[in-house]
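Engineer: following is a predicted model, sequence given first.
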2 protein chains.
Amino acid sequence: MAGGASTSGRSVTSRALGVLDAFDSEHPRLTLSEVAERSGTPLTTTHRLLAELSAWGGLVRRPDGRYEIGRKLWDLGLLAPVQLELRQVAAPFLLDVHTATRDTVHLAVREGLRALYVERISGRESVPVVSQVGSRLPLHATGVGKVLLAAAPDEVVEQVLRSLTRETRHSLIDPRLLSRELADVRRRGSSRTSEEMSLGAASVAVPVTVERPSGPVVAAALGIVVPVHRRDPGRLVPVLQVAARGIGRALSQTAEFR
Amino acid sequence: MAGGASTSGRSVTSRALGVLDAFDSEHPRLTLSEVAERSGTPLTTTHRLLAELSAWGGLVRRPDGRYEIGRKLWDLGLLAPVQLELRQVAAPFLLDVHTATRDTVHLAVREGLRALYVERISGRESVPVVSQVGSRLPLHATGVGKVLLAAAPDEVVEQVLRSLTRETRHSLIDPRLLSRELADVRRRGSSRTSEEMSLGAASVAVPVTVERPSGPVVAAALGIVVPVHRRDPGRLVPVLQVAARGIGRALSQTAEFR
């Protein structure tokens, strides 16, 4: 890494960052001792770092004594260009799909062995879903995940097939069945799930394809979640395809994706 | 602050945080020397801290050598409960207003002397606007800002009236005119602007009122932006009022606002 760092200086900064690492979506609010335990930091050091991070505004101490992420980190986080161009280009198309269907619409990209949800639109009449912006969900159990997996390199597919988790009793955990389904997804150009991630919810998804000099590339997946009792979610595939083509065309014209 | 801090330890952490403070919406991408200058940190220390923050994932070094906020801080920022309950309750209502109008819809709260935009929905047919989620805009020049200012304590109004800025040539910078307009906003229960923040854009906004034991409180402002050539944006006020009442009723039932 950088030269000229004193060992003590490096360890102080990395300890402060380690305190922040204690917080995640499963642990958004933590007590002093929970932060110390999760970050492996002595209690007195944790106490001091929490006070410094709170004085800065990165953390907030709640009336119940627990800490949570503060407005300063919210502000900084909004500056991150995480798929910023993709999200900006896609947002109006997601809105179009939602306006036409009133269901929850998602945009996800593959991040390693997970589907990272980068945009989401959900209305009052939409079925409740587990995913939020920033969620990472298993590729094999979600509609957008199956689309992303079907387009992933062989080694990614092999890794996923070796570690299939049972999210619900309907999750596909047989590698041969999932392989066959991925072949179907590639042939049909769309995926579907039925209660594989959440009971009560079905989904369909399609790839967002960008034209590059080297050929078409799947840049993201666009999906929609509906109540499982609704008949034939497959009829929503053309709606998604129109929106996905619009996103893909717009992306093909932007610098980041060229 | 916390006891037991060694001076050197405190200064290392605060220097690392100071490096992050160099980034804001006007400066989302910075070179090494820009960070050093903006944070008042020696170049070698800045270099080391940037490397540590990048190794952690909080910053990313771009191919052009400049640094920007990384995915780690995006993830942490999403955990911040900045008006989380308000945003979650309000989002479907914003979507309803957008679906009915196709215009850009905003939700803002007052943060000191600024309107902080906490939610925004904008479609492809909407007029381009300057505000984004996380933007802070002047209270006197925006529709949501005027609503929030009309409900603010006297000392806030006085401070704003003393420092009126000319955002466009149509901005209201005469304290007496603005005072009179705020009285109108309180009487009518809605505000409007015409090219006061952005040329080409007009807006209307209404308060989101929550019932508390001590009486009604303005918790936020709901606004809509339209092209200035469109006739009579005032006809959108009832649409906003229906949505704002829905948000207010839902908020009155949640713990955070009781």
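Structural biologist: Received, thanks.
Engineer: for the closest residue to residue A:191 other than its chain neighbours, which residues are in contact?
Structural biologist: Spatially, and ignoring its direct neighbours in sequence, residue A:191 is nearest to residue A:146 (3.7 Å; C-beta to C-beta, 6 or more residues apart in numbering or on different chains). (Each C-beta comes from the backbone N, C-alpha and C, glycine too.) Each residue near residue A:146 by C-beta atoms under 8 Å, 6 or more residues apart in numbering or on different chains is listed here: A:139-140, A:181-182, A:185, A:191, A:193, A:205.
Engineer: quick check, the residue in chain A closest to chain B?
Structural biologist: residue A:77 (1.8 Å; C-beta to the nearest C-beta).
Engineer: not counting the host helix or strand of that residue itself, show me its contacts.
Structural biologist: Secondary structure from DSSP states H and E places residue A:77 in helix A:71-78. Counting contacts by C-beta under 8 Å, 6+ apart, the residues outside helix A:71-78 that touch it are A:20, A:56-60, B:20, B:23-25, B:69, B:73-80, B:82, B:132-134.
Engineer: out of those residues, which end up buried?
Structural biologist: A:20, A:56-60, B:20, B:23, B:69, B:73-80, B:82, B:134 (16 or more other C-beta atoms under 10 Å in any protein chain shown).
Engineer: right, is stretch A:25-35 up against chain B?
Structural biologist: Yes - remark: stretch A:25-35 sits within contact range of chain B at A:25, A:28, by C-beta under 8 Å from any C-beta of the partner chain.
Engineer: list the buried residues in that stretch.
Structural biologist: Quick answer for stretch A:25-35 (16+ other C-beta under 10 Å): A:28, A:30, A:34-35.
Engineer: want to throw those into CSV with secondary structure?
Structural biologist: Listed next are the buried residues of stretch A:25-35 as CSV, based on DSSP: H, G, I helix; E, B strand; the rest coil:
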residue, secondary structure
A:28, coil
A:30, strand
A:34, helix
A:35, helix
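Engineer: helix or strand: which one has residue A:169?
Structural biologist: Going by DSSP H and E, residue A:169 is not in any helix or strand.
Engineer: from residue A:211, how far out is it?
Structural biologist: 41 Å (C-beta to C-beta, to the nearest Å).
Engineer: for the two, indicate the residue with more neighbours.
Structural biologist: Neighbours were counted for residue A:169 and for residue A:211 using other C-beta atoms under 10 Å in any protein chain shown; residue A:211 has more, 15 against 8.
Engineer: okay, buried residues for whichever strand or helix holds that one please.
Structural biologist: Residue A:211 is located in strand A:201-212, with elements delineated by DSSP H and E. Within strand A:201-212, the residues scored as buried using 16+ other C-beta under 10 Å are A:201-210.
Engineer: give me the sheet partners of the helix or strand following it and which way each runs.
Structural biologist: For strand A:201-212, the following helix or strand on the C-terminal side (DSSP H and E) is strand A:215-227. Paired strands of strand A:215-227, with direction, are strand A:104-111 (antiparallel), strand A:201-212 (antiparallel) (DSSP bridges).
Engineer: redo these as JSON lines? Include mean pLDDT and distance to residue A:87.
Structural biologist: Shown next, in JSON lines, are the strands paired with strand A:215-227 (pLDDT from 0 to 100; distance: least, C-beta to C-beta, whole Å):
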{"stretch": "strand A:104-111", "mean pLDDT": "93", "distance to residue A:87": "7"}
{"stretch": "strand A:201-212", "mean pLDDT": "93", "distance to residue A:87": "12"}
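Engineer: and these as a markdown table, adding distance to residue B:219?
Structural biologist: Converted to a markdown table, these look like this (distance: least, C-beta to C-beta, whole Å):
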| stretch | distance to residue B:219 |
| --- | --- |
| strand A:104-111 | 26 |
| strand A:201-212 | 32 |
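Engineer: figure out which of those strands is closest to residue B:236.
Structural biologist: Closest to residue B:236 of the strands paired with strand A:215-227, according to C-beta to C-beta: strand A:104-111, at 25.1 Å.
Engineer: list of residues touching that closest one?
Structural biologist: A:83, A:86-87, A:90, A:94, A:97-98, A:115-123, A:126-127, A:129, A:131, A:136, A:139, A:142, A:144-145, A:148-149, A:152, A:156, A:205, A:208, A:219-225.
Engineer: least confident pick among the buried residues of stretch A:25-35?
Structural biologist: Sorting the buried residues of stretch A:25-35 by pLDDT puts residue A:28 at the bottom of the list (88).
Engineer: next up, phi/psi of that one, please.
Structural biologist: phi -80, psi -20 (degrees, to the nearest 10).
Engineer: pretty sure it contacts residue A:66?
Structural biologist: No - applying C-beta atoms under 8 Å as the test, residue A:28 and residue A:66 come out as separate, 9.4 Å apart.
Engineer: show me the domain layout of chain A.
Structural biologist: A:7-78, A:84-252 (automatic domain parsing).
Engineer: start and end of the longest one, how far apart?
Structural biologist: This stretch, domain A:84-252, spans 15 Å end to end (C-alpha to C-alpha, to the nearest Å).
Engineer: who does residue A:105 bridge with?
Structural biologist: residue A:121, residue A:224.
Engineer: now do the SS call for the nearest residue to residue A:222 once chain neighbours are set aside.
Structural biologist: The shortest distance from residue A:222 to any non-neighbouring residue, by C-beta to C-beta, 6+ apart, is to residue A:244 (4.7 Å). Classification of residue A:244 using three-state DSSP returns helix.
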